[in-house]
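1. what follows is a predicted structure for the sequence shown.
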Amino acid sequence: MKKSITFTLICLVQFCFAQVKETLITPVNIKTVSFTQNNVNAVPIFVLGSGFQLQFDDLFGNEADYYYEIIHCDYNWHPTQIPKAEYLEGFDNQRIQTYSNSFNTLQLYSHYTLSLPNQNTLGLKLSGNYIITILNDAREAIFSRKFILYEEAVKIPMQIKRARTTANLPLKHNVDFSVNSTELTFQNPLKNVKVMLLQNGKFDTAIKNIVPQYTLGNDLVYKYDTETQFWAGNEFLFFENKDIRASGNNVAIIDANTAVYGSHLFTHNARASFPYSFTQDVNGNFLVNNINGSDNTVEADYAWVYFTLSAPSFRLDKDIYITGMFNNYALSEEYKMEYNEKKGLYEKALLIKQGFTNYEYTIADKKGFIDFENAIDGNFYQTENNYTVLVYYKENTGRYDRVIGKADLNSINIVN
């Protein structure tokens, strides 16, 4: 009986460690969550040992106490069994001490900034995948975000090409790359080396589990025809309301009859059936900006932004979401559009901090699977996207997946 109980406990512990650490949906009172480095919003992939910040607003504006917890994960975002003392120097589960209240805004909020490293968390010692969770004073998880720390131990030459398959030639981008190192001698690379390919920094749509097509000594070559292809999509849409009381780019009407200002955007017509047209974007990013303020973190106001979409050929068996870095590309009810039968249009109002915001319309089913092929705005090989290759390595006796290199390339340099 004792052996049976012991075996059951061991199995339960292993099961708990095997669970994927999913990021938590951000509650409605938490807005404008962003990682920043050098005062600029950044895709959360940083060199091991560098500093960065996590910032967010709490619309309750009551100076609530928030705490943070940092979890080290493996390639598949499972929490590792490495003791926290081995990957974190200092302590987490500490209160975020840097915060301030909004100033001269209609929407009250408290702005929080967590810098890493700080006086309590002196540094993160291991490369790899991490999840940071923000907790309230009852130590209940409020929301979480993924980030990655990497070493610079390999070189990753890469090219962005048009699709290798005829049917997808005008619709997809193909990522060709290789991995080579003078510092490391790869042990069993087909098993121990893993890669992650990202389009515009989106973790949830990453291409994973691609093995080297062939090896040349210590060079690993990835030149696939289909396995490393992304749907090209279209340029991100944008609006600008840095002067919240005046119509900016793509803002048709300003409404001052509500508690906070309203920015009504021009109706967007689905672009899938139109020829490609270049529009300058920042690949999903956003910039908080109040042209009449000096400190955008607390002087930028919030506005109700009214989105209207005309997509008459859209199939009603799936949903349309408004996504971008401003909401972590979340496919949640808060960002799902509603169909107005009288107008024959999809509509949604979102509370967004003023400035410059990139966004896109994302089609997904009830389980959250994205329909890239039938994208609202189509797929065009001319689209300018950022692509990232991350290389993971776990030696035969290794205890975790190191991230040993990162490379970025823009598809503006696409080749045939």
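-> Happy to help now that I have it. All of these numbers come straight from a predicted model, not from anything done at the bench.

2. low-confidence stretches in the chain?
-> Across the chain, the ranges flagged by pLDDT under 70 are 1-23.

3. give me that answer again for 80
-> Flagging of the chain using pLDDT under 80 yields the residue ranges 1-24, 315-316.

4. where exactly do the helices run in it?
-> Remark: helices assigned in the chain by DSSP state H are 2-18, 84-87, 189-192, 296-299.

5. care to break this protein down by domain?
-> 19-150, 158-232+382-413, 237-364 (automatic domain parsing).

6. now those domains in TSV, with distance to I376 and mean neighbour count?
-> Placement of C-beta: from N, CA and C, glycine included. Shown next, in TSV, are those (distance: least, CB to CB, whole Å; neighbours: other CB atoms under 10 Å):
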stretch	distance to I376	mean neighbour count
domain 19-150	23	17
domain 158-232+382-413	12	18
domain 237-364	4	17
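
7. ramachandran coordinates for F60?
-> Dihedral angles of F60 (phi, psi; degrees, to the nearest 10) stand at phi -70, psi -30.

8. tell me the contacts of it?
-> The contact partners of F60, by CB atoms under 8 Å, 6 or more residues apart in numbering, come to N29, Y109, S110.

9. tabulate these (TSV), appending distance to H173.
-> Putting the contacts of F60 into TSV (distance: CB to CB, whole Å) gives the following:
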residue	distance to H173
N29	38
Y109	39
S110	41
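
10. quick check, nearest of these to N41?
-> For the contacts of F60, the residue nearest N41 by CB to CB is Y109; the value is 17.8 Å.

11. double-check D137 against Y67; I have them as touching.
-> Yes: with contacts counted by CB atoms under 8 Å, D137 reaches Y67, the gap being 7.4 Å.

12. still on that earlier bit, going by distance to Y339, which of the contacts of F60 wins?
-> Nearest to Y339 among those, counting by CB to CB, is N29 at 27.1 Å.

13. any idea how far that closest one lies from D65?
-> 15 Å (CB to CB, to the nearest Å).

14. R271 too?
-> The spacing between R271 and D65, counted by CB to CB, is 46 Å.

15. one more: S144?
-> Per CB to CB, S144 is found 18 Å from D65.

16. and what of Y99?
-> The value you get for Y99 to D65, if CB to CB is used, is 9 Å.

17. does D74 touch S127 like I think?
-> No: in this structure, D74 is not within contact of S127 by CB under 8 Å, at 11.9 Å.

18. out of everything not next to it in sequence, what's closest to N200?
-> N283 (4.5 Å; CB to CB, 6 or more residues apart in numbering).

19. try S332
-> Leaving out its chain neighbours, the residue that sits closest to S332 by CB to CB, 6+ apart is I25, at 5.2 Å.

20. which ones are touching the residue lying closest to S247 once chain neighbours are set aside?
-> Distance criterion CB to CB, 6+ apart; nearest residue to S247, sequence neighbours excluded, is I254 at 5.8 Å. With contact set as CB under 8 Å, 6+ apart, I254 has these partners: I244, R245, A246, S247, Y261, G262, S263, H264.

21. pick the one among those residues closest to E299.
-> Nearest to E299 among the contacts of I254: I244, at 11.0 Å, using CB to CB.

22. do me a favour and get the end-to-end distance for stretch 38-52?
-> Across stretch 38-52, the terminal residues are separated by 8 Å (CA to CA, to the nearest Å).

23. how far away from the center of its chain is it?
-> 13 Å (CA atoms, centre = their mean, to the nearest Å).

24. and stretch 125-143, by the same measure?
-> From the chain centre to the centre of stretch 125-143 is a distance of 16 Å (CA atoms, centre = their mean).

25. equivalent analysis for stretch 266-278, please.
-> For stretch 266-278, the distance to the chain centre is 24 Å (CA atoms, centre = their mean).

26. what comes into contact with it?
-> Contacts of stretch 266-278 with the rest of the structure, by CB under 8 Å, 6+ apart, involve 234-235, 237, 250-252, 307-314, 345, 361, 374-378, 380, 382-384.

27. now swap in stretch 94-111 and tell me
-> Taking contacts as CB under 8 Å, 6+ apart, the residues outside stretch 94-111 that touch it are 31, 55-68, 112-115, 120-121, 134, 259-261, 293, 295, 297-302, 351.

28. put the alpha carbons of it into CSV.
-> C-alpha atoms of stretch 94-111 as CSV (Å, rounded to 0.1, in the frame of the first residue of the first chain):
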residue,chain,number,x,y,z
GLN,A,94,8.1,41.0,-4.4
ARG,A,95,5.8,44.0,-4.6
ILE,A,96,6.1,46.3,-7.6
GLN,A,97,7.3,49.5,-6.0
THR,A,98,7.4,51.8,-9.0
TYR,A,99,4.0,53.2,-9.8
SER,A,100,2.2,56.6,-10.3
ASN,A,101,-1.3,57.8,-10.9
SER,A,102,-2.5,59.4,-14.1
PHE,A,103,-2.3,63.2,-14.4
ASN,A,104,-4.8,65.4,-16.1
THR,A,105,-6.7,62.6,-17.8
LEU,A,106,-10.4,61.8,-18.0
GLN,A,107,-9.7,58.1,-17.4
LEU,A,108,-8.2,57.5,-14.0
TYR,A,109,-5.5,54.8,-13.8
SER,A,110,-2.4,53.7,-12.0
HIS,A,111,0.7,53.1,-14.1
